[in-house]
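Engineer: need the 3D shape of this:
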Amino acid sequence: MKAGNHSGFTLIEIAIVLAIIGMVMLLVIPRLPSSDLENLKISSRTLAATIRYMQERAATSRTTYILAMAPGSEYLKCIEVGGDGSDKEPADPLLQRLALKEGVIVADVRIPRLGKIADGQIRIDVGMGGIRDFITIHLRSTGGQFWTVMAFPAGGKVKAFEGYLEHPP
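Structural biologist: Presented below is the predicted three-dimensional model:
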């Protein structure tokens, strides 16, 4: 029998094309604009994880940290309290780059003994025993959506919830 003319792609050619498409996707997808709601969700979950981490670091390193915020703005910063009581940049690189995503602001902060704080600046102490008060932080996107971060004083539990909540669900 005579061998016929077989046309098509080999498995190697297909694998190379898929690898190239995969590399292009890795470069393009992170550069695509993300939505306000996605930025808000990521910011709230990152803030909750950072507060939990600050509590763990404070307990294990016997260091006091401060979470500084300015409601009505995107200002959010972690500060380490030195042995002499002075404020300094945290030694931990994870705490140095605390930031909200683009288009997300701290709308207000609620602390039962202080009430609702919607402007100015607030400093929340995170010591060896964790946070002292129940804290509710509302984050808002430019589109007007909200996410709520609640930090509970007993046990170091911190949760992020979709929407504007004033009390734990």
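Engineer: so T148 is in contact with H138, correct?
Structural biologist: Yes. Taking contacts as Cβ atoms under 8 Å, T148 lies within contact range of H138: 5.6 Å. All C-beta atoms are positioned from the backbone trio N, CA, C, and that covers glycine.
Engineer: what is in contact with the two at once?
Structural biologist: Y164 (Cβ atoms under 8 Å, 6 or more residues apart in numbering).
Engineer: which regions of this protein sit below the pLDDT cut-off?
Structural biologist: Judged against pLDDT under 70, the low-scoring parts of the chain cover residues 1-5, 32-34.
Engineer: can you give me the strands in it?
Structural biologist: Listed from the start of the chain, the chain has strands (DSSP state E) covering 64-69, 76-81, 87-88, 104-111, 115-117, 122-127, 130-131, 135-141, 146-151, 158-162.
Engineer: format those as a markdown table; extra columns: distance to I42 and mean neighbour count.
Structural biologist: Supplementary listing: these in a markdown table, determined by distance: least, Cβ to Cβ, whole Å; neighbours: other Cβ atoms under 10 Å:
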| stretch | distance to I42 | mean neighbour count |
| --- | --- | --- |
| strand 64-69 | 17 | 21 |
| strand 76-81 | 14 | 20 |
| strand 87-88 | 27 | 11 |
| strand 104-111 | 9 | 21 |
| strand 115-117 | 24 | 13 |
| strand 122-127 | 21 | 18 |
| strand 130-131 | 22 | 22 |
| strand 135-141 | 10 | 23 |
| strand 146-151 | 10 | 23 |
| strand 158-162 | 10 | 17 |
